[in-house]
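1. missing the sequence, but the structure's below:
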């Protein structure tokens, strides 16, 4: 264990984590030069296209007689849960900062998480080949003040050219402590599952960090939470491909192919042990502590476009959840769209990535509802709720965000969760919505335009703090519903890309919101129901029907697009019918009478289509939701 080092790289998005990892793989000869490619650890096509890391990736490297286990982590706020899981498996963290941009919001968030986890932190200024000497000096000074170290301890590198990367590897060996022997009251082999993926032949492959004992190939082991028995059909390390070995020892990071075909039997954060617990007290003794479950804040309901794909859709979601434990799914039903699943996500980008993965990896096109958040609603006693499945707000409810979990105090009696806008009642007795604490790091000259965003979004409790002569930190409260409504894009626009955002959910507060329904051809459109502030209802309704008139595909008949609030229509647009040209009868010797007959025949056909409600079969493209979210 003295020759072992476990570290992760964390940074704001696009600060060069994956590129630095590439150079480390090259310089340690973990990957042959002929096989090397950019963003080597980003194995998903989606990651390469977007230029961002979505999934954390562990890799084992050998350097100067030491074994280095490195985990490359995502930089976007929506995937901060990935970072939190990796923090539990390592002893050190490289906090990386793009010297040309300086410290940004997610840098602060990642640093704070690493500090709370008790990790040894190494500050690194990256992209020195693209930054001026003044920018590099400012970044080093700011980073040293943040970490609380001497500026000489901050390292400089270029992930692109490889300059300074050898020094980082040397300092990891020198500064990051080796894993320590952990003593437990009950002697047993223990390994924390910090990630997983699914393989058709080997079942669930668990990525593990061993905290006591050792794990052997073909050994029999047990999951502490679900009590499932597994056999290590394959076992070893990631170099970065799977490399089979006979044993994973204490302090090491590796993988175990469990053979489990049912994804629900294995949970991220569970403990693999070599003894089966015989009682609840023994289960608690075996389970490793300090691991928190993710808490979804954005909810979207998915339906397969073709109802016969439901079973395949269900299996796809189970497999997807294995590689993204932050996903939450439960069955749902729509009278129009049939059976589906209500999904919980950590943010809007998390939701968009999941939709793309469903289409690309499993070839299952889906219809989705409008992204919404979970509201706490107190129903009027006179209200009929027999057709609504009500779930009481309880601080002890697993995998749900309550006020107690979010730091907002104990939940009050009489409140119920409403995660689907269609279940939101008219004129509820009281409503509470999730609130986030946002932090925006920006050059001082953009503070004015950023503060002006409070005219578009419900920003409150604004505080400012000068971090340096050139940068300021803006802290404020913002409802999560506003956060997912294109806030990040609008921030980038008003700050010309220099403003950076991080956020965390802090609790629930009373809100004056209500339900707006969209009707097309006098029928409620599934998925377009939204919960909006009452003060913005009419303006948003007019904007929504105008956009839908432009975005929805035309039908063979004209149709009214309406917005309804509390039983009355508050906005309306009429979409003209798709018209088929019948040709120029005058030039071709035709008679206008014949043309009129064809027009009348076409009109009768359109009326029949309208009576049959063909508009309800129209699927809503994801682009429509994105456009409606824009302010």
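-> Sure thing, it's come through. Because the structure is a prediction, the values reported are computed rather than measured.
2. poorly predicted segments of the stretch 51-200 of the chain, please.
-> Applying pLDDT under 70 to the stretch 51-200 of the chain flags the ranges 51-55, 75, 77-78.
3. how about the helices of it, start to end?
-> 80-87, 105-116, 133-147, 165-175 (DSSP state H, counting those that start in this stretch).
4. next, the buried residues of the third one.
-> Within helix 133-147, the residues that count as buried by 16 or more other C-beta atoms under 10 Å are 135, 136, 138, 139, 140, 142, 143, 144, 146, 147. C-beta: built from backbone N, CA, C; applies to glycine.
5. related to what we said a few turns ago, quick one: which of the helices of the stretch 51-200 of the chain is nearest residue 313?
-> helix 80-87 (24.1 Å; C-beta to C-beta).
6. can I get the buried residues of helix 133-147 in a markdown table with distance to residue 363?
-> Output for these, formatted as a markdown table (distance: C-beta to C-beta, whole Å):
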| residue | distance to residue 363 |
| --- | --- |
| 135 | 46 |
| 136 | 47 |
| 138 | 49 |
| 139 | 45 |
| 140 | 49 |
| 142 | 47 |
| 143 | 45 |
| 144 | 50 |
| 146 | 45 |
| 147 | 46 |
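7. so residue 23 sits right up against residue 164, yeah?
-> No: with contact defined as C-beta atoms under 8 Å, residue 23 does not reach residue 164; the gap is 9.4 Å.
8. tell me which of those two has more neighbours.
-> Taking neighbours as other C-beta atoms under 10 Å, residue 23 and residue 164 compare with residue 23 leading, 23 against 18.
9. wait, a helix at the more buried one?
-> Yes: checked against DSSP: H, G, I helix; E, B strand; the rest coil, residue 23 lies within a helix.
10. OK, contacts around it?
-> Applying C-beta atoms under 8 Å, 6 or more residues apart in numbering to residue 23 gives the contacts 159, 162, 165.
11. out of those, who's the most crowded?
-> Going by other C-beta under 10 Å, residue 159 tops the contacts of residue 23 with 27 neighbours.
12. isn't that one right up against residue 126?
-> Yes: assessed by C-beta under 8 Å, residue 159 is found in contact with residue 126 at 5.7 Å.
13. any common contacting residues for the two?
-> Common neighbours of residue 159 and residue 126 (C-beta under 8 Å, 6+ apart) are 16, 20.
14. following element in sequence after the helix or strand of the chain with the lowest mean pLDDT, please.
-> Of all helical and strand segments in the chain, the minimum by mean pLDDT, DSSP states H and E falls on helix 403-406, at a mean of 36. Later in the chain than helix 403-406, the nearest helix or strand by DSSP states H and E is strand 415-418.
15. give me the sheet partners of that following strand and which way each runs.
-> strand 375-378 (antiparallel), strand 391-392 (antiparallel) (DSSP bridges).
16. residues in contact with that strand?
-> With contacts defined as C-beta under 8 Å, 6+ apart, strand 415-418 is touched by 374-379, 390-393, 400, 424-425, 430, 432.
17. nearest to residue 570 among those?
-> With C-beta to C-beta as the yardstick, the closest approach to residue 570 among the contacts of strand 415-418 comes from residue 424, at 16.5 Å.
18. what's the burial count for the closest one?
-> 22.
19. so it touches residue 377, yeah?
-> Yes: if you go by C-beta under 8 Å, residue 424 and residue 377 touch, sitting 7.0 Å apart.
20. which other residues reach stretch 106-113?
-> 10-13, 15, 75-77, 80, 83-84, 87, 93, 95, 97, 121, 146-147, 439, 441, 473, 500-502, 504.
21. now a PyMOL select for only the buried ones of those.
-> PyMOL command restricting those to the buried ones, with burial defined by 16+ other C-beta under 10 Å:
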select buried, resi 10+11+12+13+15+75+76+77+80+83+84+87+93+95+97+121+146+147+439+441+473+500+501+502
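22. what kind of secondary structure is residue 256 in?
-> strand.
23. who does it bridge with?
-> residue 206, residue 235.
24. residue contacts, it?
-> Applying C-beta under 8 Å, 6+ apart, the residues near residue 256 are 191, 205, 206, 208, 215, 221, 230, 232, 234, 235, 248, 272.
25. export the residues you listed to TSV and tack on neighbour count and distance to residue 468?
-> Supplementary listing: these in TSV, determined by neighbours: other C-beta atoms under 10 Å; distance: C-beta to C-beta, whole Å:
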residue	neighbour count	distance to residue 468
191	29	43
205	24	45
206	27	44
208	25	42
215	23	48
221	21	51
230	21	52
232	21	52
234	19	51
235	23	49
248	25	45
272	25	46
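26. the stretch 151-300 of the chain: strands as residue ranges?
-> Using DSSP state E, counting those that start in this stretch, the strands of the stretch 151-300 of the chain run over 155-156, 190-199, 203-212, 215-216, 220-223, 229-231, 234-238, 242-244, 247-248, 253-257, 271-273, 298-304.
27. drop anything exposed from the contacts of strand 415-418.
-> 374, 375, 376, 377, 378, 379, 393, 400, 424, 425, 432.
28. wait, is residue 352 part of a helix?
-> Yes: assessed with three-state DSSP, residue 352 lies in a helix.
29. pLDDT score for it?
-> Reported pLDDT at residue 352 in the predicted model: 82.
30. what number of residues lie near the nearest residue to residue 58 once chain neighbours are set aside?
-> What sits nearest to residue 58 in space, not counting adjacent residues and going by C-beta to C-beta, 6 or more residues apart in numbering, is residue 71, at 4.9 Å. Residues within reach of residue 71, counting by other C-beta under 10 Å, total 28.
31. still on that earlier bit, of the helices of the stretch 51-200 of the chain, give the one that comes closest to residue 550.
-> helix 105-116 (34.6 Å).
32. go through stretch 57-70 and flag the buried ones.
-> Those would be 57, 58, 59, 60, 61, 63, 66, 67, 68, 69, 70, for stretch 57-70 by 16+ other C-beta under 10 Å.
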